[in-house]
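**Q** Coordinates for the following, if possible.
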Amino acid sequence: MASRVVAFVVLIVGWLSFAGVVQGEERPNILLICVDDLRPELGCFGKDYIHSPNIDRLASQSRIFARHYVQAPTCGASRYTLLTGQYGPADNGALFKRATRIKSGAETVVPSMPAWFRKHGYRTVSVGKVSHHPGGRGGNDWDDDGQPEMPNSWDRHLLPAGDWKHPRGAMHGLAHGEIRREVGKMDVFQSVAGPDSIYPDGLIVDQSLQQLDQLAADRKPFFLAVGIIRPHLPFGAPAASMQPYRGVSLPPIPHPVRPAGKTTWHGSGEFMKYNRWKRNPNTDAEFATEVRRHYAACVTYADSLVGRVLTRLDELELKDKTMVVLWGDHGWHLGEHQIWGKHALFEESLHSPLIIHHPGITAGGQATNSMVETLDVFPTLCELSGLPVPDSLDGVSLTPMLADPAAPGHDAISYKRNAETIRTKTHRLIVHRTGEVELYDHTTTEAETKNLAMQNEALVKELKARLTARLKR
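**A** From the prediction side, this is the model:
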């Protein structure tokens, strides 16, 4: 207990010297890096077959949240919770629904995280896929200025489309401007020789570096959000990122069998629509390995892009004035439960990386195994920046864990349209709208392969109550 008190005091002193809890330009900058479909498939999360030196370097100076869970296994709903700090709709239109409420003026809508920082004197800029649509706009090609996904939030919200013509083209773009027009004619993976800029993310990071230069010259503190699309489908990355995985053996896929009974399993519809050369990874082990290698190449590509942003932060001498958050918007199945995608309420869909760095951190590089949620990022950044925390947020600050990795966490709640789940230290309960339940024991090797609900009715009742209480809070 004494060591925890000392650690907390050290953290408080760090905040006072770093953030100063003051107004205006002395507040810390914030760099939020969002990576799409990123599993905890990184060296710093114990995956030694993954080449991720830049994120690993950031992690060595940060707190690694090894048990971070998202609220929804889909991009739009998960990003809603990150950017609002609240539970919300379970679909990809979540933020656009919020924008409609704001436009109608029919009810009070709590400011988003960037809007809150903007209100308190920050310059707010997003580049790439930060909300659900890259560039943060609606319309047929996602470039209609009259349809902002997050009204009143960004001073600038940008998506350099280049040869991909528009944000919709960039979202699923392959090398040299290839746009997804007929999904069945687009290869599910690809590796092409060339620089970062032959894929859309290269342009996103080029623009992010320009924005960093511009923000560094401004007298205001900044909130810069950079949204990297890879490793989202299709798995396209420069050949240099694929090189570490050519011919490399990968660990076996854990519990690769389709689950029995009522579950949130699905048939990997998005993945299966792409051109797979008539091969199925669930029945073709060699093809499954190739898919996993190309996913890994996309992770390495994303890592190289993160490295470019962090290098520019150093070059501008902003490292000691900037908090950095790296966040994956949800997980992604690579054959577990015979799923190749997200959209399920299994561990692989909901467990994603979260890394938080601030210059006053102690014991950098240590991981916390305490459970946390995406909802917790908003109040954490407020507290670290010396801003008031909006009363309506559903998350809690993670500053105790930044001071002491052993500080306790809390249950994690997630949901999709037809089911909800609660993850505790030891179990996962999934409750379907039809009334069926799944209970899994994570203290056993069977984990999420054996439904124990019938044998543990008392625990099911207890966890149902905890789930309901959290969602009604």
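
**Q** use CA for all of it now, contacts and neighbours both
**A** Fine.

**Q** elements contacting the lengthiest helix in the chain?
**A** In the chain, with assignment by DSSP state H, the single longest helix is helix 285-315. Packed against helix 285-315 by the contact rule (3 or more CA pairs under 8 Å, 6 or more residues apart in numbering; DSSP states H and E) you find helix 53-59, strand 189-192, helix 200-216, strand 235-238, helix 239-242.

**Q** looking at these, which is buried most?
**A** Ranked by mean neighbour count under mean count of other CA atoms under 10 Å, the helices and strands packed on helix 285-315 are led by strand 235-238, which reaches a mean of 27.

**Q** circling back to that earlier point, of the helices and strands packed on helix 285-315, which is nearest R276?
**A** strand 189-192 (8.4 Å; CA to CA).

**Q** any idea how the protein splits into domains?
**A** 2-21+28-406, 418-473 (automatic domain parsing).

**Q** would you list those domains in CSV and tack on mean pLDDT and distance to A412?
**A** Formatted as CSV, the domains of the chain follow (pLDDT from 0 to 100; distance: least, CA to CA, whole Å):
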stretch, mean pLDDT, distance to A412
domain 2-21+28-406, 94, 6
domain 418-473, 96, 5
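
**Q** Tell me which of those domains sits most buried.
**A** domain 2-21+28-406 comes out most buried of the domains of the chain by mean count of other CA under 10 Å, with a mean of 20.

**Q** chain center to that one, what's the gap?
**A** 4 Å (CA atoms, centre = their mean, to the nearest Å).

**Q** Quick check: next helix or strand after the longest helix of the chain?
**A** strand 322-328 (DSSP states H and E).

**Q** Pairing partners for that following strand, with directions?
**A** Paired strands of strand 322-328, with direction, are strand 29-35 (parallel), strand 354-357 (antiparallel) (DSSP bridges).

**Q** tell me the angle of that strand relative to helix 285-315?
**A** Calculated by axes from the mean of the first three to the mean of the last three CA atoms, to 10 degrees, strand 322-328 forms an angle of 170 degrees with helix 285-315.

**Q** Hmm, A407 is touching L398, no?
**A** No: A407 is not in contact with L398 according to CA atoms under 8 Å; the separation is 9.2 Å.

**Q** now S197: how far from D163?
**A** 10 Å (CA to CA, to the nearest Å).

**Q** quick check, R470 in a helix?
**A** Yes: R470 sits within a helix when classified using DSSP: H, G, I helix; E, B strand; the rest coil.

**Q** what about the closest residue to it other than its chain neighbours, how many neighbours?
**A** In space, and not counting its chain neighbours, R470 is closest to I413: 7.6 Å by CA to CA, 6 or more residues apart in numbering. Applying other CA atoms under 10 Å, we find 27 residues neighbouring I413.

**Q** Going forward, count from 45.
**A** Right, with 45 as the first residue, what we last looked at is I457.

**Q** didn't I457 look like it was pressed against T465?
**A** Yes: I457 is within contact range of T465, at 5.8 Å (criterion: CA under 8 Å).

**Q** intersection of neighbour lists for the two?
**A** Contact criterion CA atoms under 8 Å, 6 or more residues apart in numbering; residues shared by I457 and T465: L511.

**Q** hang on, the earlier thing: which element is the residue nearest to R514 on?
**A** strand 456-460.

**Q** Just the CA trace of that strand, in PDB.
**A** Output of strand 456-460 as PDB, limited to C-alpha atoms (Å, rounded to 0.1, in the frame of the first residue of the first chain):
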ATOM      1  CA  ALA A 456     -15.900  -4.300 -19.300                       C
ATOM      2  CA  ILE A 457     -19.300  -3.900 -21.100                       C
ATOM      3  CA  SER A 458     -19.800  -4.400 -24.800                       C
ATOM      4  CA  TYR A 459     -22.700  -4.800 -27.100                       C
ATOM      5  CA  LYS A 460     -24.000  -5.400 -30.600                       C
END
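
**Q** Measure how far that strand is from the centre of its chain, please.
**A** Using CA atoms, centre = their mean, the offset of strand 456-460 from its chain centre is 14 Å.

**Q** Which strands and helices lie in contact with it?
**A** Against strand 456-460 (3+ CA pairs under 8 Å, 6+ apart) you get strand 416-417, strand 463-467, helix 501-515.

**Q** Identify whichever of these lies nearest to Y339.
**A** strand 416-417 (24.6 Å).

**Q** which residues are in contact with that closest one?
**A** Contacts for strand 416-417 (CA under 8 Å, 6+ apart): 109, 111-115, 439, 442, 453-457.

**Q** can you redo the helices and strands packed on strand 456-460 as JSON lines with distance to R224?
**A** Formatted as JSON lines, the helices and strands packed on strand 456-460 follow (distance: least, CA to CA, whole Å):
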{"stretch": "strand 416-417", "distance to R224": "33"}
{"stretch": "strand 463-467", "distance to R224": "31"}
{"stretch": "helix 501-515", "distance to R224": "37"}
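
**Q** now for those, which one comes closest to D358?
**A** strand 416-417 (29.1 Å).

**Q** now T465, nearest residue through space, not along the chain?
**A** Nearest to T465 is I474, by CA to CA, 6+ apart, at 4.3 Å.

**Q** what packs against the strand or helix carrying that neighbour?
**A** Using DSSP H and E, I474 sits in strand 471-476. Contacts defined by 3+ CA pairs under 8 Å, 6+ apart place strand 471-476 against strand 463-467, strand 481-485, helix 501-515.

**Q** From one end of stretch 407-418 to the other, what's the distance?
**A** OK, stretch 407-418 end separation, CA to CA: 22 Å.

**Q** returning to that earlier point: let me know the angle separating the strand holding I457 from helix 501-515.
**A** Using the same axes, to 10 degrees: strand 456-460 against helix 501-515 is 80 degrees.

**Q** Could you list the paired strands of strand 456-460 along with their orientation?
**A** Assessed with DSSP bridges, strand 456-460 is paired to strand 463-467 (antiparallel).

**Q** Using PDB, write out every CA atom in the strand it pairs with.
**A** Taking Å, rounded to 0.1, in the frame of the first residue of the first chain, the C-alpha atoms of strand 463-467 are listed here in PDB:
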ATOM      1  CA  ALA A 463     -26.700  -9.100 -27.600                       C
ATOM      2  CA  GLU A 464     -24.700  -7.600 -24.700                       C
ATOM      3  CA  THR A 465     -21.800  -8.900 -22.800                       C
ATOM      4  CA  ILE A 466     -19.900  -8.300 -19.500                       C
ATOM      5  CA  ARG A 467     -16.300  -9.300 -19.100                       C
END
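
**Q** So what touches that strand?
**A** Contacts of strand 463-467 (CA under 8 Å, 6+ apart): 308, 389, 455-459, 472-477, 507, 511.

**Q** Could you tell me the angle between the direction of it and that of strand 471-476?
**A** 170 degrees.

**Q** Report the angle between strand 463-467 and strand 481-485.
**A** Using the same axes, to 10 degrees: strand 463-467 against strand 481-485 is 20 degrees.

**Q** From the chain's centre, how far out is strand 463-467? Work that out for me.
**A** That offset, for strand 463-467, works out to 18 Å (CA atoms, centre = their mean).

**Q** right, and D373 touches S122 too?
**A** Yes: with contact defined as CA under 8 Å, D373 counts as touching S122 (6.0 Å).

**Q** list residues touching both of these two?
**A** V114.

**Q** Any figure for the gap between K322 and D328?
**A** Taken as CA to CA, the span from K322 to D328 is 10 Å.

**Q** and what of N495?
**A** On the measure of CA to CA, N495 and D328 end up 28 Å apart.
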